[in-house]
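Colleague: A structural model of the following input is requested.
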Amino acid sequence: MVQVKPDKENPRSKGYACRKGMKILNYQYPNGRLTTPLKRVGDSFEGISWEQATAEIAAKMRNLVDSHGPRCLAYMGASSQGGHFEAAFGLSLLRSLGSQYLYSSAGQEFSGAWWVFGRMLGKQYNIAIPDEHETEMLVGWGWNGMQSHQMPEAPRVLTEVAKNPDKFLVIIDPRKSETARLANIHLAVRPGTDALLLKAMIAIILQQGWENTSYLENHADGFAKIRPWFAGMDIQAAIAVCELEYRQVVELCRLMTTKRWCMHPDLGIYMGRHSALNSYLMNILAAICGRFGVRGGNLIPGMIMPLGFHADERNPKTWRTVATNMPPAAAGSFPPAVMPEEILSEHPDRLRAVYVNGCNPLRSYSDTTAYEKAFEKLDLLVVCDIVMSETAKCAHYILPCRNAYESWDGTFFPWTYPGVYFQMRQPLVEPLANCREASQIFTDIADKLGIIPEIPEEVKEAARGNRRQFGAKLMAWATRESAIRSKMTFVLAKTLG
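Modeller: Next up, the predicted model:
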């Protein structure tokens, strides 16, 4: 690679690129690129072969699970920017060994919001995205879209909404951010009072009789039960605590009940004080205004494959962490902040083995000191990375992987309504000779563990020919033997490559 430019012919991006993409040369050619598997020997590392590395890792995993049960094992991954194939393989390996402990960035950033979506919209991965194409008012809450983007072509979309005389851009944020400076309405809410402001806005709408009663009657259950929560509230006092003008808030509520609007919350809501409550009240506000599942509102987009899976902690089959009693709130993912306690605990089912892929928890997640102490106590820490990261220095084994531009990969984020796109990316750069795709590494370990089923010759033969015929043979086999479905990622790797 020598230069990076956006592709105007791409149907999804239409020539838009974020700053991470434009700076990708720094990622593609880092100093100290790893090129051979490494094993800790005393206080240093020595190079070993792939065969030795995957065989020893598989044997240690099997021994730990056999000795301590599947709760001893966790996979920390599925967090790569724009590269999610490793997640399918990592989860397949984890589940094949009986564990449910997936830790990812989503489990930290979005745990409150995705848990609420699971309760209100049925599945934790039913993320209701803003339909900015048809909206009359875009409400950004705790979001600086001009800098952090979080939607395709965000600067262009935000600028067009703000400058359109028939539309409004509303930003609710303590800071006069780049996006707030662009906005038609900016509410500089006092930090940490988002939930109080949301409750006050719901109370205003109900007090004025502005709610969308027909929508609530036809599309919502249980509103009568929670309506009393918002009665008798001292609304003006609440808004004063939020350090906002009462009339400005009332006017925004009026617009919300007369305009087609959609909301775009971000980390200011997701990771702020009262995170889950923020998301719950925000969804109630949208519901009483009739904004879910309608054009210009917030929609559940189509997707090729959900990013994650539904994990309701009320189901007795859904695990909780043993030391901190945390459920997997964000589409099956546990919050990384609890991992050190889960390792350092004296509980017999504590974590003893962690496989880290595509992230650097000592720098990405909270409390580096706690992570350093915890990782020292592990019986097995495997880190798959392209450089000697801070986390890799703590590992027992370091596996040199290819990056997203050297691998077959794709992303499962469904941010493309009304069109549904999935782009499978082929390698753009020749990989270094001894580096392997993360999916290939997981498959090799699965092979050593003996969890990949014997593949019929007719399926192998079909894989070398017509892709439709291969799909038909594969599905016919999966119909006959349902147990292979959970190993399908490995079957695809062993046939298509």
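
Colleague: From the structure, what's the count of residues near Phe413?
Modeller: Other residues within reach of Phe413, judged by other CB atoms under 10 Å, total 14. In this view, the C-beta of every residue, glycine as well, is placed from N, C-alpha and C.

Colleague: ok, it - contacts?
Modeller: With contacts defined as CB atoms under 8 Å, 6 or more residues apart in numbering, the neighbours of Phe413 are Leu307.

Colleague: now it: how far from Ser275?
Modeller: Phe413 sits 20 Å away from Ser275 when distances are taken as CB to CB, to the nearest Å.

Colleague: can you map out the strands along the protein?
Modeller: 38-41, 44-47, 73-76, 102-103, 129-130, 137-141, 168-172, 185-187, 261-265, 298-299, 353-357, 380-385, 397-400 (DSSP state E).

Colleague: quick one: average pLDDT of the fourth one?
Modeller: The pLDDT scores in strand 102-103 average 96.

Colleague: And the fifth one, by the same measure?
Modeller: Strand 129-130 shows an average pLDDT of 94 in the prediction.

Colleague: swap in stretch 469-477?
Modeller: pLDDT averaged over stretch 469-477 gives 96.

Colleague: was I right about Lys338 contacting Asn325?
Modeller: In this structure residue 338 is Val, not Lys. No: taking contact to mean CB atoms under 8 Å, the distance of 9.2 Å between Val338 and Asn325 leaves them out of contact.

Colleague: Quick check: pLDDT value at the closest residue in space to Pro431 that isn't next to it in sequence.
Modeller: Taking CB to CB, 6 or more residues apart in numbering, and ignoring the residues beside it in sequence, Pro431 has Glu406 as its nearest neighbour in space, at 3.9 Å. Per-residue confidence for Glu406 comes out at a pLDDT of 93.

Colleague: what about Glu406, how many neighbours?
Modeller: A count of nearby residues for Glu406, using other CB under 10 Å, gives 19.

Colleague: Repeat that for Asn212.
Modeller: Number of residues near Asn212 (other CB under 10 Å) recorded here: 17.

Colleague: circling back to that earlier point, Val338 and Asn325: who's more crowded?
Modeller: Of the pair Val338 and Asn325, Val338 is the one with more neighbours under other CB under 10 Å, namely 17 against 9.

Colleague: That one and Ser49, how far apart?
Modeller: The span separating Val338 from Ser49 equals 36 Å under the rule CB to CB.

Colleague: repeat for Ala478
Modeller: Note on Ala478: its distance to Ser49, by CB to CB, is 34 Å.

Colleague: neighbour-wise, which of the two wins?
Modeller: When Ala478 and Ser49 are compared for neighbours, Ala478 comes out ahead with 16 against 11, by other CB under 10 Å.

Colleague: hang on, that one packs against Ser486?
Modeller: No: at 10.3 Å, Ala478 does not count as touching Ser486 under the criterion of CB under 8 Å.

Colleague: In terms of pLDDT, where does the spatially most central residue of the chain sit?
Modeller: Of all residues in the chain, the one closest to the mean position by CA atoms, centre = their mean is Ala106, 3.7 Å from it. The predicted structure scores Ala106 at 88 on the pLDDT scale.

Colleague: Return the residues in contact with the residue nearest to it when sequence neighbours are not counted.
Modeller: Of all residues beyond its chain neighbours, the one nearest Ala106 is Ala330 (4.4 Å), with distances taken as CB to CB, 6+ apart. The contact partners of Ala330, taken as CB under 8 Å, 6+ apart, are 104, 106-111, 113-115, 124, 308.
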